[in-house]
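S.K.: Need a 3D model of the sequence below.
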Amino acid sequence: MTRAAITDLQELSKERVVIIKPTDKTGGLAVLPFPAYDKAMRETLSETFVNDEGEEKPKYPSTSPAKLKEEFRAINKILKEGFDKGFFSEKDWEAARPEEPKAGRLYGLPKDHKPVCKQTGIPPLRCVVSCCGGNLEGLGKLVDYFLRPVDEAAQSFIQDTPHLLRMIERLNSQGPQPPGTRLYTMDVIAMYPSIPSSRAPAWVRRRCLQAGMDPGLVDWLVRAIELMLRSSTFEYDSELYTQTTGCSIGAPFACSYSGVAMAEVEEEGMMKWQNRGGVLRERKGLQWKQGDVAEVDSWGGRFRDDCLGLFRGRKLEFNGFVASYNSVDKDIKFTSEIDWEENKVIFLDLVISIDGEGYLQTDLHTKPNAKNTLLLPSSCHKPSVTRSSVFSLALRITRICSTPEAAQKRYEELAERLREREYSEAVITAGIDRAKAVARVEALKKVDKKEEEEGRQHRLVVEWDRRSSPALAGILETNYKEMVGRDQRLGKVFPKVPRPAFKRGKNVKEMLCRAKLPPVRRVNTRAGGEEARHGLTRCNRGLARRGCVACPFITSQPNEVVKSVKIHNTGQRIPVEGRMNCKTKGGFLYLLWSAKVPAVQYLGSSEQEPRRRLGGHKGDIENQRLNKAVAKHFHDTKSTVKDLAINEFNL
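M.R.: Have a look, this model is predicted:
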């Protein structure tokens, strides 16, 4: 793509004509009409759920900057507690602390492997919250560090494709499966947002204690998880929202937290299946025959939200097996796939089948609409990187394909894809032939990381340049020898010759895709400039160091300008016309609420100055005049004057 084309797309994005996002699973970039994307995202933000009391509540209610600050303080407090109790080092504590209150950024990834939605004209979106630099990033990574071993210790845990392939090889080494054995897969519907926030932390506590973790650490972890689930505040189009149920996709602790919770659901589902009369076979059921009680083989596992296993029985019994899992929790539901004719399933990047002799066979699976995004030889990488990538791709085929016929077919497809990306025939042939020479048994072995050599290795990190980078290693070595020759003391500081470490420059995705929406551009005219000064602001005294007692309740920041007031009950926005502050005369309307319950607002009007009307409400709250509506609401919600917020607008 030319630089001019990238610039044009960036301008169209800034003007909100189009928006560019990475596709969900197929590896490309999608250029979407901004109005359709915005409509789809706002439909998601308007979704509701039914809580444990049977009440319908919004999933993503609007929130205020005050709540974001409250979350910031609570996260810093629990991090300090964890450090004081010795759960992690001072270095980890300093790295995990958020520097300032900052929300995540919500964006949507188009699922271009699914049909287009009729309402929006674009594919459905997978909503992700980017937590980079946000309140939850540091604490989420610490919790993930402690939970990951518990997640990986689960009997059903599948790490990746090579791990699953080794599981299949071990199963085949025990002999063939009996006739009537069927492969099945199950998928959790929207797993991360469906993990119940009110029940899952207790599941995590139970499994962490069973794993032998320190009870004090477990208690801290569970409270940290509950805090993060309550503090999932994110930004979309300059507005703040909080996720009130489930876990955000993109949260640093989401994978391990959901994995630990799902292990509990799986065990409960299997117990319910056995209570229905089903059988869990701990060893391969060679004795099973058609007409026997349905059984599930203990072989199998789960990768994130996808489950794989072996079933022996009839269709009706399989439906009962899936129903057992769906009865564990009202929020967690499974879909299932089982091929009663060809007996094969798609799992991860594999097509798994059972041949006529009862052995499991594997082949490479590629989505039909997957984009050819293989690394171009002309890209900003060392030539050795592109050459070795051919071998890596071919070795993946050697590892996955269990039959020579399937492997040969995939080698030919790979060669064609490489030719499309302008690889030379010599590089293609050399890489594929090298992979063919590796025995599949060797390709399946787990690769252990090599221990680092003794002595510290200094590296110079630079961006790869075809003109100068190849000579950099020689330049470093020459200068190193000269430096150590002049002063031998430097040889102790730098025991080895520094080596270059090359990185690539920005790619097209990084140039065009942003998690945060671009701001709305305004026309810079005299009338527009006057209009830009309209809104609700602090008075002159509120901007000064001593401050105004009323202004902090009107705006969260001294220089903030409130352009519109939102009625949470209807979602309607009322613009603030003219200039208003705490000293406005002539009457006004106002919305008042508690930061603890921002969705419940009080609408009032007054002929007094806003500061005087606000003072009256403050007095009612402080003196607990429960005959007053505002004071009673603050008392019932355990709110204080510190939680008070007010927006005024024109009559």
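
S.K.: can you give me the helices for the stretch 301-450 of the chain?
M.R.: Counting by DSSP state H, counting those that start in this stretch, the stretch 301-450 of the chain has helices at residues 315-326, 383-400, 404-420, 425-436, 440-443.

S.K.: model confidence over the shortest one, on average?
M.R.: Confidence over helix 440-443 (mean pLDDT, whole number) is 92.

S.K.: what does the helix or strand just after it contact?
M.R.: Counting by DSSP states H and E, the next helix or strand C-terminal to helix 440-443 is strand 459-463. The contact list for strand 459-463 (C-beta atoms under 8 Å, 6 or more residues apart in numbering) reads 380, 469, 472, 476, 498-505. (C-beta placed from N, C-alpha, C; glycine too.)

S.K.: Pick the one among these closest to residue 294.
M.R.: residue 504 (53.1 Å; C-beta to C-beta).

S.K.: State the number of residues packed around that closest one.
M.R.: 14 (other C-beta atoms under 10 Å).

S.K.: Apart from its neighbours in sequence, what residue is nearest it?
M.R.: residue 380 (4.7 Å; C-beta to C-beta, 6 or more residues apart in numbering).

S.K.: I'd like the distance between that neighbour and residue 539.
M.R.: Remark: distance between residue 380 and residue 539 (C-beta to C-beta, to the nearest Å) = 55 Å.

S.K.: cool, residue 504 as well?
M.R.: For residue 504 relative to residue 539 (C-beta to C-beta), the value is 53 Å.

S.K.: In contact with the residue nearest the centre of the chain: list those residues for me.
M.R.: With distances taken as C-alpha atoms, centre = their mean, residue 250 lies nearest the centre of the chain, 1.5 Å away. Applying C-beta under 8 Å, 6+ apart to residue 250 gives the contacts 104, 128-131.

S.K.: picking that back up, any chance of the helices of the stretch 301-450 of the chain in CSV with distance to residue 146 and mean neighbour count as columns?
M.R.: Formatted as CSV, the helices of the stretch 301-450 of the chain follow (distance: least, C-beta to C-beta, whole Å; neighbours: other C-beta atoms under 10 Å):
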stretch, distance to residue 146, mean neighbour count
helix 315-326, 28, 17
helix 383-400, 32, 18
helix 404-420, 40, 15
helix 425-436, 39, 16
helix 440-443, 34, 12
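
S.K.: Can I get these in a markdown table including distance to residue 646?
M.R.: Formatted as a markdown table, the helices of the stretch 301-450 of the chain follow (distance: least, C-beta to C-beta, whole Å):
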| stretch | distance to residue 646 |
| --- | --- |
| helix 315-326 | 47 |
| helix 383-400 | 59 |
| helix 404-420 | 62 |
| helix 425-436 | 68 |
| helix 440-443 | 67 |
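
S.K.: related to what we said a few turns ago, now restrict the contacts of strand 459-463 to buried residues only.
M.R.: Neighbour counting by 16 or more other C-beta atoms under 10 Å classes 380, 472, 476, 500, 502 among the contacts of strand 459-463 as buried.

S.K.: just to revisit the earlier point, out of the helices of the stretch 301-450 of the chain, flag the one nearest residue 4.
M.R.: helix 404-420 (24.5 Å).

S.K.: got the angle for that closest one vs helix 383-400?
M.R.: 160 degrees (axes from the mean of the first three to the mean of the last three C-alpha atoms, to 10 degrees).

S.K.: Now do helix 404-420: which elements does it pack against?
M.R.: On a contact count with 3 or more C-beta pairs under 8 Å, 6 or more residues apart in numbering; DSSP states H and E, helix 404-420 meets strand 360-364, helix 383-400, helix 425-436.

S.K.: Distance to residue 98 for the ones you listed - can I get that in JSON lines?
M.R.: Formatted as JSON lines, the helices and strands packed on helix 404-420 follow (distance: least, C-beta to C-beta, whole Å):
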{"stretch": "strand 360-364", "distance to residue 98": "43"}
{"stretch": "helix 383-400", "distance to residue 98": "36"}
{"stretch": "helix 425-436", "distance to residue 98": "46"}
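
S.K.: Could you say which one of those comes nearest to residue 86?
M.R.: Among the helices and strands packed on helix 404-420, helix 383-400 sits nearest to residue 86 (C-beta to C-beta), with 42.6 Å.

S.K.: ok, and what's touching that closest one?
M.R.: For helix 383-400, contacts defined as C-beta under 8 Å, 6+ apart pick out 161-162, 165, 349-350, 362-364, 374-377, 379, 407, 410-411, 414, 418, 423, 427-428, 430-432, 434-436, 438, 440, 443-444.

S.K.: CA atoms only for that helix, dumped as PDB, please.
M.R.: The C-alpha coordinates for helix 383-400 follow below in PDB (Å, rounded to 0.1, in the frame of the first residue of the first chain):
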ATOM      1  CA  PRO A 383      16.300 -12.000   4.900                       C
ATOM      2  CA  SER A 384      17.000 -14.900   7.200                       C
ATOM      3  CA  VAL A 385      13.600 -14.300   8.900                       C
ATOM      4  CA  THR A 386      11.600 -14.700   5.700                       C
ATOM      5  CA  ARG A 387      13.600 -17.800   4.700                       C
ATOM      6  CA  SER A 388      13.100 -19.400   8.100                       C
ATOM      7  CA  SER A 389       9.400 -18.600   8.000                       C
ATOM      8  CA  VAL A 390       9.000 -21.000   5.000                       C
ATOM      9  CA  PHE A 391      10.500 -23.800   7.100                       C
ATOM     10  CA  SER A 392       8.300 -23.000  10.100                       C
ATOM     11  CA  LEU A 393       5.100 -23.000   8.000                       C
ATOM     12  CA  ALA A 394       6.100 -26.300   6.400                       C
ATOM     13  CA  LEU A 395       7.100 -27.900   9.700                       C
ATOM     14  CA  ARG A 396       3.600 -27.000  11.100                       C
ATOM     15  CA  ILE A 397       2.200 -29.100   8.300                       C
ATOM     16  CA  THR A 398       4.600 -32.000   9.100                       C
ATOM     17  CA  ARG A 399       3.400 -31.800  12.800                       C
ATOM     18  CA  ILE A 400      -0.400 -31.500  12.100                       C
END
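
S.K.: now the angle between helix 425-436 and it, please.
M.R.: 40 degrees.

S.K.: Helix 383-400: how far from the chain's middle?
M.R.: 29 Å (C-alpha atoms, centre = their mean, to the nearest Å).

S.K.: Okay, angle between that helix and strand 360-364 too, please.
M.R.: Using the same axes, to 10 degrees: helix 383-400 against strand 360-364 is 150 degrees.

S.K.: Helix 383-400 - what's its average pLDDT?
M.R.: For helix 383-400, the mean confidence score works out to 92.

S.K.: Also stretch 516-524?
M.R.: 73.

S.K.: Now do the buried residues in stretch 149-156.
M.R.: 150-151, 154, 156.

S.K.: and residue 540, how far is that from residue 349?
M.R.: Distance from residue 540 to residue 349, by C-beta to C-beta: 64 Å.

S.K.: count of neighbours near residue 496?
M.R.: Neighbours of residue 496 using other C-beta under 10 Å come to 13.

S.K.: just residue 139 next, same as before
M.R.: Residue 139 has 26 nearby residues by other C-beta under 10 Å.

S.K.: Same check on the one 3 residues further on?
M.R.: Applying other C-beta under 10 Å, we find 22 residues neighbouring residue 142.
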